[in-house]
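[1] have a look; sequence and predicted model below, questions after that.
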Amino acid sequence: MARAAGAVLVVTGTTAPAAAVTEAPVRGGRPRRPAFRGVWVATVGNRDWPSRSGLSAAAQRAELLAHLDKAVERRLNAVVLQVRPTADALWPSPHEPWAQCLTGTQGRDPGWDPLGTAVDEAHARDLELHAWFNPYRVANHTDPTRLVAGHPARRHPEWVLPYGGKLYYDPGLPEVRRFVQDAMLDAVRRYDIDAVHWDDYFYPYPVAGQDFGDGETYARYGGGFRDKASWRRHNIDLLVSEMSARIKDLKPQVAFGISPFGVWRNRAADPKGSDTSGGIQTYDDLYADSRKWVKEGWLDHVVPQLYWHIGMPGTDYAKLLPWWDEVVRGTGVGLYLGEALYKAGDPAQPAAWQDPKELSRHLKLAAGYPGVGGHCFFAAKEVMEDRIGAMATVVADHYPTRVLPAKVPPRGESGQRASASG
């Protein structure tokens, strides 16, 4: 496969053989990096794949390949596959049990290796495979006895906190931070994945009237911090910076990307914040300082979830886009925009999302910002079904040819890398 760093290859149509590729135009004497065209494939709760738990290995594999084929048909070039949905694994992990979403029973061997197959089959189709992990979510319930016997959360009940009807690992415990990194790095070590991907879940989203019960952990480890919020942000900073360094040490060619909630802070709370108001602020509510991670060069790319329409009061896509473009400027960190395809045609959504051209307008607007290197669509079920033709409109308006991916150049000692614009 032609996947060399720095090269951009274009295939006309959707299924052209590798021999048909040609180099794209150059800009400034250097080949332009390819635009990122990704799709998330969520496995938690069988959201996108497998369509239900308990399918045969052959049926699971066939559904997975159908998603990969649809990505090619839609002229995408990357698949972001959720492989650690709830402290379990879609590969034979020595650290955690087999994922419940496969067989319906956590810990039961599905009879095949989904991650290994996904990597091989994605690469055979000239798609990047980004392995998507959730660091701290343990279960979408609060009963540890429902976890498989031998689950790390049962062996170490002191690691686990209930909150909002779910179970979470306590991010303030150093042993938890090391364990979740080790569990994720096992996949990096064993498979030819193109990137490690995290989503927006760090400390849990706030639930009114409930307290995340990490007071004892704070009393033990929070000395020297002015308040619990600063300590919590420090814990997540350590998770990100340490994981970044460990990926680089293990396989420098593997990229590291995070997809944070789209609002870092509102301008009313911080002059460096975006022209937004109300709602969640990832810095204050999830203790995730996503802007800092970019400025420090801990990431290869950032994929903010800009899941709002153009003109949305309080969280306008057209105001968040230039803010993120400015954040990445001069950092060498790639910027790919998370797009809410799942809202298109949903009758519960505002009128803008009933227009199949809304997402196409997002891409047209983003094309005017040099820091934007592509888009990622949530999620695979909607890419497949495309209920009002919003994805087809994006492809017709913006993806006339298939652009093959190129791997991110290895990070230098400073953490800086070439721009991923393109």
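    That came through fine.

[2] quick one: contacts of the helix ranked longest in the chain?
    With DSSP state H setting the assignment, residue counts place helix 228-250 as the longest helix in the chain. For helix 228-250, the surrounding residues in contact (Cβ atoms under 8 Å, 6 or more residues apart in numbering) are 135, 171-172, 177, 180-181, 184-185, 188-189, 196, 202-203, 214, 218, 221-222, 225, 254, 256, 258, 283-284, 287-289, 292-293, 296, 298-299, 410-411, 415. (Each C-beta comes from the backbone N, C-alpha and C, glycine too.)

[3] likewise for stretch 60-72?
    Residues outside stretch 60-72 that contact it (Cβ under 8 Å, 6+ apart) are 14-15, 39, 41, 48-51, 55, 77-79, 102, 110, 112, 114, 117-118, 121-122, 125-127, 380, 383-384, 402.

[4] among those residues, which are in helices?
    102, 114, 117-118, 121-122, 380, 383-384.

[5] now those in JSON lines, with distance to residue 140?
    JSON lines is the format used below for those (distance: Cβ to Cβ, whole Å):
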{"residue": "102", "distance to residue 140": "16"}
{"residue": "114", "distance to residue 140": "20"}
{"residue": "117", "distance to residue 140": "25"}
{"residue": "118", "distance to residue 140": "23"}
{"residue": "121", "distance to residue 140": "28"}
{"residue": "122", "distance to residue 140": "27"}
{"residue": "380", "distance to residue 140": "20"}
{"residue": "383", "distance to residue 140": "24"}
{"residue": "384", "distance to residue 140": "24"}
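
[6] just the helices in the protein please.
    57-73, 100-103, 114-124, 152-155, 174-190, 215-221, 228-250, 282-285, 290-295, 317-328, 358-366, 380-385, 390-398.

[7] and the average pLDDT for the longest one is what?
    Think helix 228-250. The predicted model assigns helix 228-250 a mean pLDDT of 98.

[8] ok, the fifth one next?
    For helix 174-190, the per-residue pLDDT values average out at 98.

[9] kindly report the same for the third one.
    Across helix 114-124, the average pLDDT comes to 98.

[10] elements contacting that helix?
    Counting by 3 or more Cβ pairs under 8 Å, 6 or more residues apart in numbering; DSSP states H and E, the packing neighbours recorded for helix 114-124 are helix 57-73, strand 78-84, strand 128-133.

[11] got the contact list for it?
    Residues outside helix 114-124 that contact it (Cβ under 8 Å, 6+ apart) are 1, 3, 60-61, 64-65, 68, 79, 81, 83, 89-91, 102, 128-129, 131, 187, 191-193.

[12] how about the fifth one?
    Under the contact criterion Cβ under 8 Å, 6+ apart, helix 174-190 has outside partners 83-84, 87, 89, 91, 93-96, 115, 131, 133, 135-136, 152, 156, 159, 169-171, 193, 196, 221, 235, 238-239, 242-243, 246-247, 250-251, 254.

[13] what does the last one give?
    With contacts defined as Cβ under 8 Å, 6+ apart, helix 390-398 is touched by 74-75, 341, 344-345, 356-360, 363-364, 367, 377, 382-383, 386.

[14] wait, which of the helices of the chain is closest to residue 372?
    Residue 372 sits nearest to helix 358-366 of all the helices of the chain, at 4.5 Å, using Cβ to Cβ.

[15] which stretches of the stretch 1-150 of the chain have low pLDDT?
    For the stretch 1-150 of the chain, the stretches with pLDDT under 70 are 1-33.

[16] likewise for the stretch 251-400 of the chain?
    In the stretch 251-400 of the chain, no residues with pLDDT under 70.

[17] now residue 135: how far from residue 166?
    Distance, residue 135 to residue 166, using Cβ to Cβ, to the nearest Å: 14 Å.

[18] more neighbours: the two, which one.
    The neighbour comparison of residue 135 against residue 166 (other Cβ atoms under 10 Å) goes to residue 135, with 23 against 16.

[19] from residue 309, how far off is the nearest residue to that one once chain neighbours are set aside?
    Nearest residue to residue 135, sequence neighbours excluded (Cβ to Cβ, 6 or more residues apart in numbering): residue 180, at 4.9 Å. In this view, residue 180 and residue 309 are 35 Å apart by Cβ to Cβ.

[20] residue 57 now?
    Using Cβ to Cβ, residue 57 is found at 41 Å from residue 309.

[21] neighbour count for those two, which is higher?
    Neighbour totals were compared for residue 57 and residue 309, and residue 309 leads with 23 against 16 (other Cβ under 10 Å).
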